[in-house]
Structure formats: C-alpha cells, structure tokens
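Chemist: Have a look; sequence and predicted model below, questions after that.
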Amino acid sequence: MDPAIKKKVLRKFTFGLYLVTTGDADDHGAFTANWIVQSSFEPPMLMLAVEQDSHSLGVLRRSGVFAVHLYEAGQRELSGHFGRNTVKVGDKLTGYVTRPGSTGVPLLEDTLGAVECRVTGEVPSGDHIVFIGEVVDAHLFHEEGEPLTMSMAGFRYSG
C-alpha cells in the first residue's frame with residue numbers, strides 16, 4: 001500500500017466535529033471528537049472512538065455515560081479548545097457554563113444540541129477504544145444553525 005495515497009483517500013472521508021463530555025460535576029472530561037456515527041435506529045445508538053491515552057477514557061469507563069454535542073458552524077475556536085490535550089491545558093470546562101444532564105453528564109448549552117448516552121459496550125480498535133452508547137436523552141439548544149464539519153474547520157486528522 002502506498003502510504004501517501006492511503007493518507008489522501010482517508011482525508012477525503014467526511015466527518016463532523018463534536019464535543020464529547022463525560023462524567024459528572026466531581027470528575028469529568030471533555031474533548032473534540034470526529035469519529036462518531038449513529039449505529040442503530042431502535043434503540044437509538046451511537047459509536048464513539050476515544051483515544052487510548054486520553055484523560056476522558058478513564059472518566060468515561062467509570063461513569064458509563066457521555067454526551068455528544070453538535071458544534072455550530074462558527075465554533076471552530078471552541079472545537080480547537082476542546083481538542084487540546086488535558087495534560088497540557090488542565091480542566092477544559094473551566095470558564096464554561098454547564099449544567100448536569102439527566103445522566104449527570106455536563107452539558108454545554110453553547111452548542112446546537114446534544115444527546116446523552118449510556119455505555120452498552122466497548123471494543124478495542126487500534127489506538128482507540130470504540131464505545132457503543134444508547135441515546136437516553138436529547139437536548140436542542142439552538143433551533144437554527146449548521147453543524148461544524150472537519151472540512152469547514154480546516155482541521156485534518158492524520159489519515
């Protein structure tokens with residue numbers, strides 16, 4: 001396989017950008033993710049890939065819940081903030097107003113909306129862990145607006 005061609009093709013895949021929060025008021029994590037997909041209509045379920053070296057991985061495993069928020073098209077800076085490494089920047093939710101969702105997970109209302117999920121399983125996947133979560137609650141924070149995508153933001157995952 002030609003590594004340059006592989007990278008070019010994988011970078012053409014389309015992805016949204018999402019804020020994922022996990023935990024509760026006492027112990028929480030937050031990060032920008034792009035490997036998220038709905039995997040079932042009934043019950044509604046999502047698949048989420050989390051880096052194995054992320055701070056949020058342990059929090060997610062302990063809490064068993066996460067929320068996926070939709071960034072709005074103009075929220076490139078916000079998505080970049082939550083994309084930074086927790087070890088380098090500390091608590092990424094500091095300075096942001098959140099409220100607990102029905103599962104206790106922190107919700108950031110300065111996004112288009114969010115779904116709360118309970119973890120139903122996990123599978124190792126290379127340098128990530130894929131979590132399966134059942135959607136147990138949904139929140140619409142802004143009626144109008146388009147979701148932010150990787151292409152709009154100008155971000156690139158390594159491919």
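Modeler: Here it is on my side, so go on.
Chemist: Do a quick rundown of the helices in this structure.
Modeler: For the chain, the helices defined by DSSP state H occupy 3-10, 55-63, 76-82, 86-89, 150-153.
Chemist: wait, which of the ones you listed is closest to residue 104?
Modeler: helix 55-63 (7.5 Å; CB to CB). In this view, the C-beta of every residue, glycine as well, is placed from N, C-alpha and C.
Chemist: Which positions in that closest one come out as buried?
Modeler: 55, 56, 57, 59, 60, 63 (16 or more other CB atoms under 10 Å).
Chemist: Identify, from those residues, the entry nearest to residue 86.
Modeler: Proximity of the buried residues of helix 55-63 to residue 86 (CB to CB) peaks at residue 55, which lies at 3.8 Å.
Chemist: Can you tell me which of the helices of the chain has the worst average pLDDT?
Modeler: Of all those, mean pLDDT reaches its minimum on helix 150-153 (a mean of 68).
Chemist: Contacts for stretch 71-84 next, please.
Modeler: Stretch 71-84 is contacted from outside by 16-19, 30-32, 92, 110-112, 142, 145-148, 152-155, using CB atoms under 8 Å, 6 or more residues apart in numbering.
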